[in-house]
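*Asks:* Next input, structure requested:
(one chain, ligands or ions: 1)
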Amino acid sequence: MVATDRAPYLLALRLAGRRVLIAGGGAVAARRVPALLDAGAEVVIVSPELSTVLHDLAAAGRLRWAARGYASGDCAGAWLVCACTDDPVVNAAVAADADAAGIWCVRADDAAASRALTPASGQSGDVRVGVLSGDPRRSAGIRDALIGALTSGAVGTRRVRRRGGVALVGGGPGDPGLITVRGRALLAEADVVVADRLVPRSLLAELPPDVEVIDAAKIPRGRAMAQEYINSVLVSRATAGRFVVRLKGGDPFVFGRGAEEVLACLRAGVPVTVVPGVSSAIAVPAAAGVPLTHRGLVQEFHVVSAHVPPGDSRSTVNWAALGSSRGTLVLLMATEHLAVIAAELIRGGRDPKSPVSVIADGTLPTQRDITSQLDAVARDAAEAGIRPPAVVVVGEVVTIAAQIAGLRGSPANGAAGDMFLPDAGRVHGNSPEWGNDLLRRPAQ
Ligand SMILES: C[S@@+](CC[C@H](N)C(=O)[O-])C[C@H]1O[C@@H](n2cnc3c(N)ncnc32)[C@H](O)[C@@H]1O
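*Replies:* Model (predicted):
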């Protein structure tokens, strides 16, 4: 009998190299095993069958599997036992054997009959959190809230500030919910934040007042000088012992000059880390319902910076090849040069009636998108007042967006609303026209 009238004693186990026996190989075991492997435990599973995930781990040599039912004596040599079968009688037998051998046992099916309990656990940076409340759902909710607070910096990560160093963090396309968890955690530790124009501004608003925020968009010099200045700020603040987050729009290495900043830091002996971000090249089309690939339709996409137009001596883009390709084209910084780009693609072989979507302010409450055709998109975008930042998508995938929008608006999906973003205030520039037949109509 397990006495449940006493509060359990909380403890953390260093399991590296220690055997952990798991009785059962189903979904419950599959949820426990990854964390045990992460802790370095030597996992042995006794079960006639294994779930696919566990099977893959066994095949990869990450754990040992005895393909049979639990037998008395299996607990020998283990430091921890988890009874995870779907048979309470077997779990009770496993727990009794472990108890008799002086080994801690977690019964997954019956917390009240369990000597050891697994808390809902999580990690933010170097802080581990474990919650026991008696109700697994409640524990998981509290754990999530604590991890969220730690990650956002609302609860004490800045106490353990890093000294010196730079982190290049991808801020995502604009919606503050689309920065990575790691990026958010590093931001919460920053002494200095050097922010680009297109980063989620609300993330900056949340920073404590003692964090120095340098708005890189406001540096009043030419492009080259501004970059030099940014590099020197990163290096000087970091060498003064401050932890600098260089917050960049989208992903730092996608048309973001991130590598130049990494090189500048490394040349100055400053440790630098890069946290990838959700690039607007992918996220902005997704926010408008445009997939970049679709089985049977297109299996490639090309992401192009069109900040200099076709024909410009600084352009390294092979527009003729893009014109003859059937792949989806994703064009960034293209709104200014849409007419010449479209003409060049058509000259290269693209159908003038190729569907095109232009999405401005993607993922933001002000998101707008228009749908057009290659030979009319420059005019349509101008008439709709589309302004940067915008992503242009050329290709048949744009028709899939129309299908998605049509189904989303159908009575069967009633209040499905916007499946990509919760923001209520967003306007689709051409929403009255969305429908499956849109792209079959000739451009006006
Ligand atoms: C200098 S590039 C930086 C790209 C960024 N590193 C990324 O991975 O998304 C800036 C261009 O990205 C695109 N862009 C970035 N954020 C956007 C957004 N929220 N909506 C539409 N386009 C966006 C626009 O084409 C903009 O001109």
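*Asks:* what number of residues lie near the residue of the stretch 101-250 of the chain found nearest the ligand?
*Replies:* Nearest to the ligand in the stretch 101-250 of the chain, going by CB to the nearest ligand atom, is Gly250, at a distance of 1.9 Å. C-beta here means a position set from N, CA and C on the backbone, and glycine is covered the same way. For Gly250, the neighbour count with other CB atoms under 10 Å is 29.
*Asks:* That one pairs with what?
*Replies:* Using DSSP bridges, the bridge partners assigned to Gly250 are Gly172.
*Asks:* just checking, it touches Gly258?
*Replies:* No - between Gly250 and Gly258 there is no contact under CB atoms under 8 Å: 10.0 Å.
*Asks:* ok so, going back, how about the residue of the stretch 101-250 of the chain closest to the ligand, what does it touch?
*Replies:* Gly250 is in contact with 170-173, 198, 256, 277-281, 283, counting by CB atoms under 8 Å, 6 or more residues apart in numbering.
*Asks:* Please apply the same query to Glu300.
*Replies:* By CB under 8 Å, 6+ apart, the contact set of Glu300 is 293, 325-328.
*Asks:* so can I have TSV of those residues showing secondary structure and neighbour count?
*Replies:* Listed next are the contacts of Glu300 as TSV, based on DSSP: H, G, I helix; E, B strand; the rest coil; neighbours: other CB atoms under 10 Å:
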residue	secondary structure	neighbour count
Thr293	coil	14
Ser325	coil	19
Arg326	coil	14
Gly327	coil	16
Thr328	strand	24
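*Asks:* of all these, which comes closest to the ligand?
*Replies:* Looking across the contacts of Glu300 and measuring by CB to the nearest ligand atom, the closest to the ligand is Thr328, at 15.4 Å.
*Asks:* how about the nearest residue to the residue most central in space within the chain, chain neighbours excluded?
*Replies:* By CA atoms, centre = their mean, the chain has its centre lying nearest to Thr180, at 5.1 Å. Among residues not flanking Thr180 along the chain, Val275 sits closest, at 6.1 Å (CB to CB, 6 or more residues apart in numbering).
*Asks:* what's the spacing between that neighbour and Leu168?
*Replies:* From Val275 across to Leu168, the span is 7 Å (CB to CB, to the nearest Å).
*Asks:* Ok, Gly17 next?
*Replies:* Gly17 sits 36 Å away from Leu168, going by CB to CB.
*Asks:* got it, and Ala264?
*Replies:* 11 Å.
*Asks:* Compare the two and say which is more crowded by neighbours.
*Replies:* Neighbour count, other CB under 10 Å: between Ala264 and Leu168, Leu168 has more, with 28 against 19.
*Asks:* picking up where we left off before, what's the pLDDT at the residue nearest to Thr180?
*Replies:* Val275 is assigned 98 on the pLDDT scale.
*Asks:* List the residues that contact it.
*Replies:* Val275 neighbours (CB under 8 Å, 6+ apart): 167-170, 180, 182-183, 186, 252.
*Asks:* wait, Arg197 sits on Ala216?
*Replies:* Yes - judged on CB under 8 Å, Arg197 makes contact with Ala216 at a distance of 7.5 Å.
*Asks:* Counting neighbours around each, name which of the two comes out higher.
*Replies:* Counted by other CB under 10 Å, Arg197 and Ala216 do not tie: Ala216 has more neighbours, with 19 against 12.
*Asks:* got the residues of the stretch 151-300 of the chain near the ligand?
*Replies:* Residues of the stretch 151-300 of the chain lying near the ligand by CB under 6 Å from any ligand atom: 173-174, 198, 249-251, 254-256, 279-281, 284.
*Asks:* I'd like to know which of the residues you listed are buried.
*Replies:* 173-174, 198, 249-251, 254-256, 279-281, 284 (16 or more other CB atoms under 10 Å).
*Asks:* Distance to Ala35 for those - can I get that in TSV?
*Replies:* TSV is the format used below for these (distance: CB to CB, whole Å):
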residue	distance to Ala35
Pro173	32
Gly174	34
Leu198	37
Gly249	34
Gly250	32
Asp251	29
Val254	33
Phe255	38
Gly256	35
Ser279	31
Ser280	34
Ala281	34
Val284	35
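*Asks:* Would you mind measuring from Val275 to the ligand?
*Replies:* Going from Val275 to the ligand by CB to the nearest ligand atom, to the nearest Å gives 13 Å.
*Asks:* Could you measure from that residue over to Gly153?
*Replies:* Separation of Val275 from Gly153 (CB to CB): 15 Å.
*Asks:* Below-threshold pLDDT in the stretch 151-300 of the chain: ranges please.
*Replies:* Along the stretch 151-300 of the chain, segments meeting pLDDT under 70 span 157-162, 218-225.
*Asks:* Sketch out the strands for it, chain order is fine.
*Replies:* Along the stretch 151-300 of the chain, the segments classed as strands by DSSP state E, counting those that start in this stretch run 166-170, 192-195, 212-215, 244-248, 272-275.
*Asks:* Show me what the second one is in contact with.
*Replies:* The contact list for strand 192-195, computed with CB under 8 Å, 6+ apart, reads 171, 187, 204, 207, 211-217, 230, 233-234, 237, 242-247.
*Asks:* Assign the nearest residue to Ala35 once chain neighbours are set aside to helix, strand or coil.
*Replies:* Of all residues not flanking Ala35 in the chain, Ser121 sits nearest, at 7.2 Å (CB to CB, 6+ apart). Following DSSP: H, G, I helix; E, B strand; the rest coil, we place Ser121 in the strand state.
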